[in-house]
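S.K.: 3D model of this:
(chains A and B)
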2 protein chains.
Amino acid sequence: MLVVGENINASNKSVGQAIANRDLDFIQDLAKRQEEAGVDFIDVNVGSSHGSWVSPEAAMEWLVQAVQSVTKKPLVIDSDGPEVIRAGLRTYHGDKVMVNSVNAEPDRIQAIGPLASEKGAFLVALAMGQDGIPKTVEERVAACDTIMENLKPMGMREEQVLFDPLMLPVSVDATQAAITLKTIESIKARFPSAKTIIGLSNVSYGLPSRGLVNRAFLMMAAAAGLDAAILNPLDAKAMSYVKAARMLLGKDAACRSYVRAYRAGTLAD
Amino acid sequence: MLVVGENINASNKSVGQAIANRDLDFIQDLAKRQEEAGVDFIDVNVGSSHGSWVSPEAAMEWLVQAVQSVTKKPLVIDSDGPEVIRAGLRTYHGDKVMVNSVNAEPDRIQAIGPLASEKGAFLVALAMGQDGIPKTVEERVAACDTIMENLKPMGMREEQVLFDPLMLPVSVDATQAAITLKTIESIKARFPSAKTIIGLSNVSYGLPSRGLVNRAFLMMAAAAGLDAAILNPLDAKAMSYVKAARMLLGKDAACRSYVRAYRAGTLAD
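M.R.: Next up, the predicted model:
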């Protein structure tokens, strides 16, 4: 299971301030700590406001440069704005990059799909349209169909797409976790070359001991075939469960990484 | 997911000594603490030696009476010896009881099946024959077929059977956890009225931070459809993950039990 580090996101107040204030040390420290924690990708999101920057595009360019100057880990260019994504990709150096995200809305696919295609980027695709998160597995898979049909003429291959099955909080609807797990399985069956990804923390919204719920659900999703998770890699417990999951799913030959993490004192259970 | 408390087992040295020394307080305290921790069944196993008792049968009779005099929780009569199981069931009062276990060996089914049938008991059935744990899903399901074919003429219904898909340590063979998960799914598909059960701790044998591996695997097995687990309910973290799993799988209406456990201070993450 791949880990996308979620921490460099302006929706986190201190990160938003660091971007607004051009606080290089803060941002670069956060990038390095995520790399040390073992992430596979680092997400970068400048949010909608842009502080002292002339535009969010300018903020994204600065952010990509700031992070890439201290880590070789690939980035996830994360924005609601196609122009911000374009600016991030233009500044980005390196072959491996991810764009976050499209959904089944045609306008959004038309704006962002070509950017990902041109760069050969991975692309996160949310299994929803303009009416919000569908209640059923079938509607979510139908949204994935729409997305893939629209992406293919742009030259995007299934291998480049990471479908997000989406997750409503279990506190809102007790049936939702099971629906997300089934959606993962259905997407894997329908798009065998595509990957699945989930933003983990939404599952536990409104509940106490959220980390416990997040980790429990992450293991369930891993068993259902989840390929990647967007999470806080500085949460040592979450990363320990990721390592255990990789081992249990046969992705850690002779348990070497798990035992190495134990010996390094980084396992937290 | 049902929890079977594993603690009253003579293979644990202090429990073995308490049985040998007829230490009622020790045994009854262990029963009460498991009940307080929220178990659904309490397993009792006198092992092969019997200390000061005239026979393991006599020890089992004492143990069943000792536990039943302090808890109304149903018991699991657990023994390799059919005569010990017979003694336990004879002494047992109450309708709901489980026998642990048969496998696909005809002699064992012929000896234990009728005891479970006569008592209307649940019966744990290991997905293996005399040659040990099969390597493949198909062989394990075939063992379940053999067991069910032999049990049916005795009047045992599928609803009474809990199949154990079995678990080899992931440290021995990295593919084994995935095989166990697939076996759970295959058993659920083939025997829709039967339940599945697993002895949790074997998965982590030979590894550090075993609790972490056990809990991670328990969540994966829950997602695959596991109905019951034999585990140490005095491990507050394990029980917390059980509560999270029940909630995530839609078995905890409005998250009530989970939130109640949090408020009672019994959640450990």
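S.K.: ok, the residue of the stretch 1-150 of chain A found nearest chain B - contacts?
M.R.: Distances between the stretch 1-150 of chain A and chain B by C-beta to the nearest C-beta are smallest at A:Met1, namely 11.5 Å. For glycine as for every other residue, the C-beta is placed from the backbone atoms N, C-alpha and C. Taking C-beta atoms under 8 Å, 6 or more residues apart in numbering or on different chains, we find A:Met1 in contact with A:222, A:226-229, A:242, A:245-246, A:249, A:251.
S.K.: pick out the residue in the stretch 51-200 of chain A sitting closest to chain B.
M.R.: A:Ala177 (4.1 Å).
S.K.: contacts only, for the closest residue to that residue other than its chain neighbours.
M.R.: Leaving aside its chain neighbours, A:Ala177 sits nearest to B:Leu248 (4.1 Å; criterion: C-beta to C-beta, 6 or more residues apart in numbering or on different chains). Counting by C-beta under 8 Å, 6+ apart, B:Leu248 touches A:170, A:177-178, A:203, A:213, A:216-217, A:220.
S.K.: which of those residues fall within helices?
M.R.: A:177-178, A:213, A:216-217, A:220 (DSSP state H).
S.K.: possible to save those residues as a markdown table with distance to B:Gly265, neighbour count and pLDDT?
M.R.: A markdown table is the format used below for the ones in helices among the contacts of B:Leu248 (distance: C-beta to C-beta, whole Å; neighbours: other C-beta atoms under 10 Å in any protein chain shown; pLDDT from 0 to 100):
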| residue | distance to B:Gly265 | neighbour count | pLDDT |
| --- | --- | --- | --- |
| A:Ala177 | 25 | 26 | 92 |
| A:Ala178 | 28 | 18 | 93 |
| A:Val213 | 17 | 30 | 97 |
| A:Ala216 | 19 | 31 | 98 |
| A:Phe217 | 23 | 29 | 98 |
| A:Met220 | 25 | 26 | 98 |
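S.K.: what two of those residues are the furthest from one another?
M.R.: Pairwise distances across those (C-beta to C-beta) peak at 14.2 Å, for the pair A:Ala178 and A:Val213.
S.K.: how many residues are close by A:Gln130?
M.R.: 10 (other C-beta atoms under 10 Å in any protein chain shown).
S.K.: leaving out sequence neighbours, find the closest residue to it.
M.R.: A:Glu105 (5.0 Å).
S.K.: how about the backbone phi and psi for that neighbour?
M.R.: With angles defined as degrees, to the nearest 10, A:Glu105 sits at phi -70, psi 120.
S.K.: same deal with A:Ile42?
M.R.: Dihedral angles for A:Ile42 - degrees, to the nearest 10 - are phi -120, psi 120.
S.K.: which residues touch it?
M.R.: Neighbouring residues of A:Ile42 by C-beta under 8 Å, 6+ apart: A:4-5, A:8, A:31, A:34-35, A:67, A:71, A:73-76.
S.K.: and chain B, which of those residues contact it?
M.R.: Residues of the contacts of A:Ile42 in contact with chain B (C-beta under 8 Å from any C-beta of the partner chain): none.
S.K.: let's have these in CSV, adding neighbour count.
M.R.: Converted to CSV, those look like this (neighbours: other C-beta atoms under 10 Å in any protein chain shown):
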residue, neighbour count
A:Val4, 27
A:Gly5, 27
A:Ile8, 26
A:Ala31, 25
A:Gln34, 25
A:Glu35, 18
A:Val67, 23
A:Thr71, 16
A:Lys73, 19
A:Pro74, 19
A:Leu75, 27
A:Val76, 26
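S.K.: just those: which are in helices?
M.R.: A:31, A:34-35, A:67.
S.K.: strands of the stretch 101-250 of chain A, start to end?
M.R.: For the stretch 101-250 of chain A, the strands defined by DSSP state E, counting those that start in this stretch occupy A:122-126, A:161-164, A:195-199, A:228-231.
S.K.: now these in JSON lines, with mean pLDDT and mean neighbour count?
M.R.: Formatted as JSON lines, the strands of the stretch 101-250 of chain A follow (pLDDT from 0 to 100; neighbours: other C-beta atoms under 10 Å in any protein chain shown):
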{"stretch": "strand A:122-126", "mean pLDDT": "98", "mean neighbour count": "26"}
{"stretch": "strand A:161-164", "mean pLDDT": "98", "mean neighbour count": "26"}
{"stretch": "strand A:195-199", "mean pLDDT": "97", "mean neighbour count": "24"}
{"stretch": "strand A:228-231", "mean pLDDT": "98", "mean neighbour count": "23"}
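S.K.: would you turn these into CSV with distance to chain B?
M.R.: Formatted as CSV, these follow (distance: least, C-beta to the nearest C-beta, whole Å):
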stretch, distance to chain B
strand A:122-126, 21
strand A:161-164, 18
strand A:195-199, 13
strand A:228-231, 14
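S.K.: let me know the pLDDT of the residue nearest to A:Gln130.
M.R.: Per-residue pLDDT puts A:Glu105 at 97.
S.K.: quick one: it from B:Glu138, how far?
M.R.: With the distance defined as C-beta to C-beta, to the nearest Å, A:Glu105 ends up 45 Å from B:Glu138.
S.K.: same drill for the two, tell me which one is more crowded.
M.R.: Neighbour count, other C-beta under 10 Å: between A:Glu105 and B:Glu138, A:Glu105 has more, with 18 against 12.
S.K.: near chain B, which residues of the stretch 51-200 of chain A show up?
M.R.: A:170-171, A:174-175, A:177-178, A:181.
S.K.: which of those has the largest number of neighbours?
M.R.: Top of these by neighbour count (other C-beta under 10 Å): A:Val170, with 28 neighbours.
S.K.: can you check the pLDDT for that residue?
M.R.: At A:Val170, the predicted lDDT confidence score is 95.
S.K.: kindly report the same for A:His50.
M.R.: 69.
S.K.: one more: the one 10 residues further on?
M.R.: pLDDT, A:Met60: 97.
S.K.: hmm, it is touching A:Gly47, no?
M.R.: No - under the contact definition of C-beta atoms under 8 Å, A:Met60 does not touch A:Gly47, with a separation of 10.0 Å.
S.K.: looking at those two, which is more packed in?
M.R.: Ranked by neighbour count (other C-beta under 10 Å), A:Met60 and A:Gly47 place A:Met60 first, with 30 against 20.
S.K.: how about the contacts of B:Leu248, which pair is most distant?
M.R.: Most distant of the contacts of B:Leu248, by C-beta to C-beta, are A:Ala178 and A:Val213, 14.2 Å apart.
S.K.: any idea which residue sits dead centre in chain A?
M.R.: A:Ile230 (4.0 Å; C-alpha atoms, centre = their mean).
S.K.: so where do the helices sit in the stretch 1-150 of chain A?
M.R.: A:13-20, A:24-37, A:56-68, A:82-91, A:106-119, A:137-151 (DSSP state H, counting those that start in this stretch).
S.K.: make CSV out of these and add distance to B:Ala238.
M.R.: Formatted as CSV, the helices of the stretch 1-150 of chain A follow (distance: least, C-beta to C-beta, whole Å):
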stretch, distance to B:Ala238
helix A:13-20, 35
helix A:24-37, 26
helix A:56-68, 39
helix A:82-91, 43
helix A:106-119, 43
helix A:137-151, 30
